[in-house]
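K.L.:
prediction below, plus the sequence it came from.
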Amino acid sequence: MNKISKNSRNRKNNRGTTLVEMIVAFALLAVFLASAASIIGTVSTMYYQIKSETYSKQVSDIILEKLSSEISGAMYFTHTDIGNPIILDEEGEISETGIGKTIELYDKTNTHISISADTDAGILLLHYYEIDISHKIDDELVEINYGEKNWGFQDSIYNEYRIADLTFVRGDSLGDFTEIGKYGLSSSGSYGNDVIVVFLKLHSTKYEDYYTYRFIKMYNVPATPTTGQNE
């Protein structure tokens, strides 16, 4: 029997990896990396989609809640036949169609407010007009004056979104609003002049655009008797 030397055994154990084995290993590694990249890409897309939906919903809810709180308590002018709120067109004139980018109203505290979006800055803008208040305190007439001021949310609430469009539509004019479909509203329905529909578009350079709307009923505004259903 031939005796195999120790050096011969070491040479066999250290013969290294063959070219075929390396090719197979790299092929398996390529398959693994391709699968991992596909999974990571899918997860990453889902993550940004969920993040986009969460952020856009949060921002839109904050904006629409603020608008609802102001518009729902709107009053009528008492010194004119023009109803309040007044919807203004892009030229700042009273909209004959009941569709516009600005709404003016007297709120429940009898404060004159103008609401619109500064689309250059992408923010909600509320303009409070000057207020003069006169009342008696201990039989002495006291006059208080509040000057005009602008109000808006802090920039941090927009969460990388900006207001790309803000449109106010009077309920009885909803059928004339031609862009209703892209906001996900399938039917114009039948509403009165005591309802304002707010259409909001949010834009982000990082996420997808977000379209939403809200119906706001004005409880201090009498509905026109012939408008039909009101919600």
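P.N.:
That came in fine, so what should we check first? Numbers count the residues shown, from 1 in each chain.

K.L.:
going forward, measure contacts between C-alpha atoms and count neighbours the same way
P.N.:
Noted.

K.L.:
in the protein, which spans are strands?
P.N.:
For the chain, the strands defined by DSSP state E occupy 86-88, 99-100, 102-106, 112-118, 123-128, 131-137, 140-146, 149-151, 162-170, 195-203, 210-217.

K.L.:
for this protein, what spans make up the helices?
P.N.:
Assigned by DSSP state H, the helices in the chain fall at 6-13, 19-71.

K.L.:
that older thread, turn the strands of the chain into TSV, columns for mean pLDDT and mean neighbour count.
P.N.:
TSV is the format used below for the strands of the chain (pLDDT from 0 to 100; neighbours: other C-alpha atoms under 10 Å):
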stretch	mean pLDDT	mean neighbour count
strand 86-88	88	24
strand 99-100	94	24
strand 102-106	91	23
strand 112-118	92	20
strand 123-128	94	20
strand 131-137	61	10
strand 140-146	64	10
strand 149-151	90	11
strand 162-170	95	23
strand 195-203	95	22
strand 210-217	94	19
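
K.L.:
adding distance to residue 61, write these out as a markdown table.
P.N.:
Listed next are the strands of the chain as a markdown table, based on distance: least, C-alpha to C-alpha, whole Å:
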| stretch | distance to residue 61 |
| --- | --- |
| strand 86-88 | 22 |
| strand 99-100 | 21 |
| strand 102-106 | 19 |
| strand 112-118 | 16 |
| strand 123-128 | 13 |
| strand 131-137 | 29 |
| strand 140-146 | 30 |
| strand 149-151 | 18 |
| strand 162-170 | 13 |
| strand 195-203 | 10 |
| strand 210-217 | 10 |
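
K.L.:
out of those, the one nearest residue 185 is which?
P.N.:
Checking the strands of the chain against residue 185 by C-alpha to C-alpha gives strand 210-217 as the closest, at 8.2 Å.

K.L.:
what angle do that closest one and strand 195-203 make?
P.N.:
160 degrees (axes from the mean of the first three to the mean of the last three C-alpha atoms, to 10 degrees).

K.L.:
can you tell me what sits against strand 210-217?
P.N.:
Taking contacts as C-alpha atoms under 8 Å, 6 or more residues apart in numbering, the residues outside strand 210-217 that touch it are 56, 60, 64, 68, 71-72, 182-184, 194-203, 231.

K.L.:
what strands flank it, and is each parallel or antiparallel?
P.N.:
strand 195-203 (antiparallel) (DSSP bridges).

K.L.:
next, the angle strand 123-128 makes with the strand it pairs with.
P.N.:
140 degrees.

K.L.:
follow-up on the earlier one: and the helices of the chain, which one averages the lowest pLDDT?
P.N.:
Among the helices of the chain, helix 6-13 carries the lowest mean pLDDT, at a mean of 54.

K.L.:
ok, the most centrally placed residue in the chain to residue 66 distance?
P.N.:
When C-alpha atoms, centre = their mean is applied to the chain, the residue found nearest the centroid is residue 60 (3.2 Å). Separation of residue 60 from residue 66 (C-alpha to C-alpha, to the nearest Å) stands at 10 Å.

K.L.:
how about residue 167?
P.N.:
15 Å.

K.L.:
cool, and residue 33?
P.N.:
Counting by C-alpha to C-alpha - residue 33 and residue 66 are separated by 49 Å.

K.L.:
what does residue 222 give?
P.N.:
Counting by C-alpha to C-alpha, the gap from residue 222 to residue 66 is 22 Å.

K.L.:
what does residue 122 give?
P.N.:
From residue 122 to residue 66 the distance is 16 Å (C-alpha to C-alpha).

K.L.:
quick one: which of these two has more around it?
P.N.:
Neighbour count, other C-alpha atoms under 10 Å: between residue 122 and residue 66, residue 122 has more, with 18 against 13.
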